[in-house]
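Asks: the sequence isn't on hand, but the structure is:
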């Protein structure tokens, strides 16, 4: 009974509008506290990189926001931090967000006519008071196959400005849907948050 | 040059808000003329059923709307009708839209904890004047794996009323995203319109 009376407060450690929309879609209420930490990459494999970056974001938000809350009062409420990092990987090469149009062109050109992987690393921190903090990290990988694209199609897509804040320079949930032949894995992982896996992991932890 | 000056007018032969949103997402302007024909199923295999139903819808809209337009004037403009029908198939059993809550419960219970197929049949009719009408039909199939669901989870989902106008009683683009483990195939095919394939087929026909 005590379990059910606890209020879970969810904090999304990301400013991404796509991640916010996914949480809203499945009916979760949450606050946004983005991490503004400079990313430090010590790993080389894509799955380890997204895990590492999601951990950094989660810990940054824990340290700057949640630690104070928990040590002051509010011990009865449960706090859940959700942090994620998404990259595109093709032939072992990792793509984050494009720097400029040429960079975006190169990314789209590298993924057209073939299959690439989208990896999202997730770190969840669950706090029941200051002394009871648990943390779990995992990643999901989704294969995405893109149709052959002409230079004209790539340039038309880049004209839309949809590329600029997206890993791999495309938005599967936007205009780029016209060019995605198939997926193998979680669709929402490609958008930026593997929501069904996150909810399953949380269920196991709560 | 003449080709480029032609105006393509797209007609979506469906009242589905999801299908409308997908066309809008990829930047296509269109009118909606739904088919109100009684569906007649003579086939037994899921892929043939969705093909048959998409053909009936496309031809109904052609007969009731486009034939008049084309025989009167407007010969210079190109008209494109897009019709689609979506079903869920599991163990050879076909699921359309649920009749009531019990029916929806049975559908969700049949697909939880396993993989099912979502099939969308599409018929495209392209008219350049009355005498030049081409038609193509195809279907796309996407495998969808759903997590194990408890009775409580199924009933909570049914309380949302999201089920009632969806094939298989769920919306992958809605709350049900929380329960979808993975896809293999086109995500938009599950929503109800395999948009990238449609655009590729149209490109081959125009």
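Replies: The structure has been received and is ready for your questions. A quick note: this is a predicted structure, and the numbers were derived from the prediction, not measured. Numbering: from 1, shown residues only, chains lettered A, B, ... in the order given.

Asks: surely residue A:172 touches residue A:189?
Replies: No - with contact defined as Cβ atoms under 8 Å, residue A:172 does not reach residue A:189; the gap is 9.9 Å. All C-beta spots, glycine's among them, are computed from the backbone N, C-alpha and C.

Asks: same drill for the two, tell me which one is more crowded.
Replies: When residue A:172 and residue A:189 are compared for neighbours, residue A:189 comes out ahead with 27 against 24, by other Cβ atoms under 10 Å in any protein chain shown.

Asks: for whichever helix or strand that one is part of, give me every contacting residue.
Replies: Using DSSP states H and E, residue A:189 sits in helix A:187-191. Applying Cβ atoms under 8 Å, 6 or more residues apart in numbering or on different chains, the external contacts of helix A:187-191 come out as A:18, A:22, A:86, A:118, A:120, A:140-142, A:144, A:172-173, A:183, A:194-197, B:172, B:177, B:180, B:183, B:187.

Asks: ok, 6 Å please
Replies: A:18, A:22, A:118, A:120, A:140, A:142, A:172, A:173, A:194, A:195, B:183, B:187 (Cβ atoms under 6 Å, 6 or more residues apart in numbering or on different chains).

Asks: next, give phi and psi for the fifth one.
Replies: If I follow you right, that is residue A:140. phi -120, psi 140 (degrees, to the nearest 10).

Asks: likewise the second one?
Replies: Comment: the main-chain dihedrals of residue A:22 come out as phi -70, psi -40, following degrees, to the nearest 10.

Asks: how many residues are close by it?
Replies: Count around residue A:22 with other Cβ under 10 Å applied: 23.

Asks: with residue A:101 instead?
Replies: Using other Cβ under 10 Å, residue A:101 is surrounded by 15 other residues.

Asks: could you pull up the residues touching it?
Replies: residue A:158.

Asks: how about the helices in chain A?
Replies: A:2-5, A:17-25, A:46-61, A:67-72, A:101-111, A:151-159, A:187-191, A:195-205 (DSSP state H).

Asks: next, format those as a markdown table and append mean pLDDT.
Replies: A markdown table is the format used below for these (pLDDT from 0 to 100):
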| stretch | mean pLDDT |
| --- | --- |
| helix A:2-5 | 44 |
| helix A:17-25 | 96 |
| helix A:46-61 | 96 |
| helix A:67-72 | 66 |
| helix A:101-111 | 97 |
| helix A:151-159 | 96 |
| helix A:187-191 | 97 |
| helix A:195-205 | 93 |
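
Asks: just those: most buried one?
Replies: Stretch with highest mean neighbour count among the helices of chain A: helix A:187-191 (a mean of 28; mean count of other Cβ atoms under 10 Å in any protein chain shown).

Asks: what about that helix, distance to the chain center?
Replies: The chain centroid and the centroid of helix A:187-191 are separated by 9 Å, computed with Cα atoms, centre = their mean, to the nearest Å.

Asks: stretch A:166-180 too?
Replies: 15 Å.

Asks: identify the residues contacting that stretch?
Replies: So stretch A:166-180 is contacted by A:86-88, A:95-98, A:104, A:107-108, A:146-147, A:160, A:162-163, A:190-191, B:25-27, B:195-196, B:199 (Cβ under 6 Å, 6+ apart).

Asks: what does chain A put close to chain B?
Replies: Residues of chain A found near chain B (Cβ under 6 Å from any Cβ of the partner chain) are A:25-27, A:175, A:177-178, A:180-187, A:195-196, A:199.

Asks: one more time with 7 Å, if that's ok
Replies: A:25-27, A:147, A:174-175, A:177-188, A:195-196, A:199-200 (Cβ under 7 Å from any Cβ of the partner chain).

Asks: and stretch A:133-149, what's its mean pLDDT?
Replies: Average pLDDT, stretch A:133-149: 96.

Asks: buried ones in that stretch?
Replies: Residues of stretch A:133-149 classed as buried by neighbour count (16 or more other Cβ atoms under 10 Å in any protein chain shown): A:133, A:137, A:138, A:139, A:140, A:141, A:142, A:144, A:145, A:146, A:147, A:149.

Asks: I'd like the distance between the last one and residue A:113.
Replies: Noted for residue A:149: a distance of 7 Å to residue A:113, by Cβ to Cβ, to the nearest Å.

Asks: likewise for the fourth one?
Replies: Separation of residue A:139 from residue A:113 (Cβ to Cβ) stands at 26 Å.

Asks: beta partners of the closest residue to residue A:55 other than its chain neighbours?
Replies: Excluding its sequence neighbours, the residue lying closest to residue A:55 (Cβ to Cβ, 6 or more residues apart in numbering or on different chains) is residue A:123, at 4.8 Å. Beta-bridge pairing for residue A:123 (DSSP bridges): residue A:83, residue A:137.
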